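> This is a predicted model, with the sequence first.
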Amino acid sequence: MEQVGAIAVKESKLHGKGIFANKDFFENQTIMIIKGEVIDANECIRREEQENNVYIFYMNDDCFLDTAQTQTIKYINHSCTPNAYVDDNDESSLLLKAQHSIQIGEEITINYDYPEIFELCQNLNPDCNCPFIQKNP
């Protein structure tokens, strides 16, 4: 288990490794500053397609943050009902913030917010309560 301040990277029940709270967080509290390499849209597409890089965060239409070389944030898992969200910070970083109270030991998750993830999530996790997928009766 790797610990970096208020979070730790360890095995996740959701998928592979995840990040977990080493302390309690209250609603809207900053959990961490997300840093990485700032890249443009063309480089983002190239890295996604040619390198299968899935560690890129959207900043704006032509600015993305590649976190593949980081030690923690690249392990954040998706949840259709997340307990954290990503917010703007400055031109070279983002903020990971608590969407609601998070208790020590709890896995920190975000909504990746792209259409394919919702179906994948439901397929991998039958207990998924995804509000974005219409359940079959």
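Right, received. Where do you want to start?

> Residue 65 touches residue 40, doesn't it?
No: using CB atoms under 8 Å, residue 65 is not in contact with residue 40, being 11.4 Å away. For every residue, glycine as well, the C-beta is placed using N, CA and C.

> neighbour count winner among the two?
residue 65 (23 against 12; other CB atoms under 10 Å).

> Which strand residues bridge that one?
residue 38, residue 57 (DSSP bridges).

> And for residue 7?
Beta-bridge pairing of residue 7, defined through DSSP bridges, involves residue 4, residue 21.

> What of residue 34?
Here residue 34, judged by DSSP bridges, has bridge partners residue 94.

> dump the residue contacts of it.
57, 65, 67, 70, 73, 86, 89, 93-96 (CB atoms under 8 Å, 6 or more residues apart in numbering).

> Could you identify which of those residues has the most neighbours?
residue 73 (25 neighbours).

> Please report how far that one lies from residue 84.
Relative to residue 84, residue 73 is positioned 11 Å away (criterion: CB to CB, to the nearest Å).

> what touches both of the two?
residue 96.

> Span of stretch 62-79 from start to end?
26 Å (CA to CA, to the nearest Å).
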